[in-house]
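J.: Have a look at this fold, sequence not included:
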């Protein structure tokens, strides 16, 4: 179940950046540390994957690692720092796509990889990212995305907007997909089972007669029969991504579309 979003980029900038780049993990004299930042982040991700981001706490992580909460705080001072470290680590799962001369193929691979990432780590969709973590893996992710649309005929601002648009689309549809799967688990009903139970009740209500909503009835029946569900997030994702890339291609080839940079502010 999705909950109120938490923010990345909310911690102390210097401390967080030093943690992200390993500056605070350099060897030091004295007894060997009980933990590493890497171990703490790994454990935090395991908890969030298994139990959700709301179950993640310093105490929960400390219990799993077999140390006191205060021990955790000697490495990572706040939840905000930890969330940035977790997101950057997960971004590190994304890799360079196979070399291709077709920018559409590359953008599709990158988007599909992100889609899978969100389904492996659905808690990532609960983090608002107005300030992305300034870590190595997040920079590498952004560099790959920009490289995919470099030298295809877009301005720098258009490249930035295309990458942001695709990322926002993937996140939005992935969020709906994760929520749909969560609803099935919590309700104990598949979409078709839910509709089978709901349809007879609707039929008893004159105001809900399908004849009053002919388009909704026709399209809903066609989609339900095609997908076997009330919604098909993966189909929507792939269809929508292709249409977004169609629009970008039209812009690149000088189609009739209007560039967002030309619209009034």
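T.: Received the coordinates, thanks. Only a predicted model underlies this, so the values are computations on that prediction, with no experimental measurement involved.
J.: Now do the strands in the stretch 51-200 of the chain.
T.: Taking DSSP state E, counting those that start in this stretch as the criterion, the stretch 51-200 of the chain contains strands spanning 127-128.
J.: what residue ranges in it score low on pLDDT?
T.: Counting by pLDDT under 70, the stretch 51-200 of the chain has no low-confidence residues at all.
J.: For it, which segments count as helices?
T.: 58-65, 69-73, 79-91, 103-120, 136-148, 156-187, 191-203 (DSSP state H, counting those that start in this stretch).
J.: Point out the most buried one among those helices.
T.: Among the helices of the stretch 51-200 of the chain, ranked by average contacts under mean count of other Cβ atoms under 10 Å, first place goes to helix 79-91 (a mean of 23). All C-beta atoms are positioned from the backbone trio N, CA, C, and that covers glycine.
J.: elements contacting that helix?
T.: On a contact count with 3 or more Cβ pairs under 8 Å, 6 or more residues apart in numbering; DSSP states H and E, helix 79-91 meets strand 6-7, helix 13-20, helix 37-51, helix 136-148.
J.: let's see 6 Å
T.: Helices and strands touching helix 79-91, as assessed by 3 or more Cβ pairs under 6 Å, 6 or more residues apart in numbering; DSSP states H and E, comprise helix 13-20, helix 37-51, helix 136-148.
J.: Looking at those helices, which is nearest to residue 125?
T.: For residue 125, the closest of the helices and strands packed on helix 79-91 is helix 37-51, at 11.4 Å, according to Cβ to Cβ.
J.: Quick one: list the elements packing against that closest one.
T.: Short answer (3+ Cβ pairs under 6 Å, 6+ apart): helix 37-51 packs on helix 58-65, helix 79-91.
J.: If you count neighbours, what's buried in that helix?
T.: Buried residues in helix 37-51, defined by neighbour count with 16 or more other Cβ atoms under 10 Å: 37, 40-41, 43-45, 47-48.
J.: Repeat that for stretch 117-137.
T.: Quick answer for stretch 117-137 (16+ other Cβ under 10 Å): 117-119, 121-127, 129, 132-135, 137.
J.: same deal with stretch 10-29?
T.: By neighbour count on 16+ other Cβ under 10 Å, the buried set for stretch 10-29 is 10-11, 15-17, 19-20.
J.: Specify the residue ranges that define each domain of this structure.
T.: 6-90, 97-255 (the TED database).
J.: ok so, going back, out of the buried residues of stretch 10-29, which comes closest to residue 227?
T.: For these, the nearest to residue 227 is residue 10 (38.9 Å; Cβ to Cβ).
J.: helix, strand or coil for that closest one?
T.: At residue 10 the chain is in coil, as set by DSSP: H, G, I helix; E, B strand; the rest coil.
J.: That one and residue 127, how far apart?
T.: Applying Cβ to Cβ, to the nearest Å, the value for residue 10 to residue 127 is 10 Å.
J.: since we're on the residue lying closest to residue 165 once chain neighbours are set aside, how many residues are nearby?
T.: Distances taken as Cβ to Cβ, 6 or more residues apart in numbering place residue 244 nearest to residue 165, at 6.5 Å, with adjacent residues excluded. Neighbour count for residue 244, taken as other Cβ atoms under 10 Å: 17.
J.: Tell me who's in contact with the residue located most distally from the centre of the chain.
T.: Of all residues in the chain, residue 206 has its C-alpha farthest from the mean position, at 41.5 Å, by Cα atoms, centre = their mean. Under the criterion of Cβ atoms under 6 Å, 6 or more residues apart in numbering, residue 206 has no neighbours.
J.: Flag every buried residue along the helix or strand containing residue 215.
T.: Element membership for residue 215 (DSSP states H and E) is helix 214-227. The neighbour-count check on helix 214-227 (16+ other Cβ under 10 Å) flags 224, 227 as buried.
J.: Now it: average pLDDT?
T.: Averaged over helix 214-227, pLDDT sits at 88.
J.: who touches it?
T.: The contact list for helix 214-227 (Cβ under 6 Å, 6+ apart) reads residue 210.
J.: ok and the helix or strand following it relative to helix 214-227, angle-wise?
T.: Downstream of helix 214-227, the next assigned helix or strand under DSSP H and E is helix 233-252. Here helix 233-252 runs at 110 degrees with respect to helix 214-227, directions being taken by axes from the mean of the first three to the mean of the last three Cα atoms, to 10 degrees.
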